[in-house]
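Undergrad: Have a look; sequence and predicted model below, questions after that.
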Amino acid sequence: MEIVKVELKFFGPHKQLVCNFHGSTAILGANGKGKSIVLSAIRFAFTGDLDGNAQSYVHCWGDAEHGAQNGSVQVDFVQHGVKGTLFRQVGKSPKRWLDWLASTS
C-alpha cells in the first residue's frame, strides 16, 4: 500500500494541512509544529485508535461558540492498483467512511 495524500482539518494543532507524498517522504519541521500528529492521524484513519481523550484532537479555532466542533482526517492511498480514500471524523458528530475508486491502470 502506498499513501499518496493525508489531509487534516481542525485536527491536532492544524486548522488545515495537506501532505502529498511522492515515493520516499520525510516530514520535517521545528519541534512542536505537529509532525507527530500526522502519524497519529494516519493511524487514526486506519484503526480508529487515538491516544488519550478523542475530543482533545479537535482544534477549536476561534471562540468556543464558533469554533470547530469536529476534526477530520482523510487518507488517499493506492493498493494493488486501486485507489482508496479513508475518512474519519472525531468530535461532536464522529463519522467514518471508505471509498474504493476505479483502477489506476
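TA: All right, it came through fine. Numbers count the residues shown, from 1 in each chain.
Undergrad: in whichever strand or helix holds Phe44, what's buried?
TA: Under the assignment given by DSSP states H and E, the secondary-structure element containing Phe44 is helix 35-47. Applying a neighbour-count criterion of 16 or more other CB atoms under 10 Å, the buried positions in helix 35-47 are 37-38, 40-42, 44-45. Every residue, glycine included, has its C-beta placed from N, CA and C.
Undergrad: Can you spell out which helices and strands pack onto that helix?
TA: For helix 35-47, the contact count by 3 or more CB pairs under 8 Å, 6 or more residues apart in numbering; DSSP states H and E identifies strand 2-11, strand 14-20, strand 70-79, strand 82-91 as packing neighbours.
Undergrad: From what I see, Phe10 and Val58 are in contact.
TA: Yes: taking contact to mean CB atoms under 8 Å, the distance of 6.0 Å between Phe10 and Val58 places them in contact.
Undergrad: where do the contact lists of the two overlap?
TA: With contacts defined as CB atoms under 8 Å, 6 or more residues apart in numbering, the residues shared by Phe10 and Val58 are 68, 70-71.
Undergrad: Find the nearest non-adjacent residue to the residue nearest to the spatial centre of the chain, please.
TA: The centre of the chain sits closest to Val73, judged by CA atoms, centre = their mean, with a distance of 2.6 Å. Residue nearest to Val73 in three dimensions, not counting chain neighbours: Ala41, with 4.3 Å by CB to CB, 6 or more residues apart in numbering.
Undergrad: If the residue nearest to Asp76 when sequence neighbours are not counted is in a bridge, with which residues?
TA: Beyond its immediate neighbours in the sequence, the residue positioned closest to Asp76 (CB to CB, 6+ apart) is Lys5, lying 4.1 Å away. In this structure, Lys5 bridges to Asn20, Asp76 when assessed by DSSP bridges.
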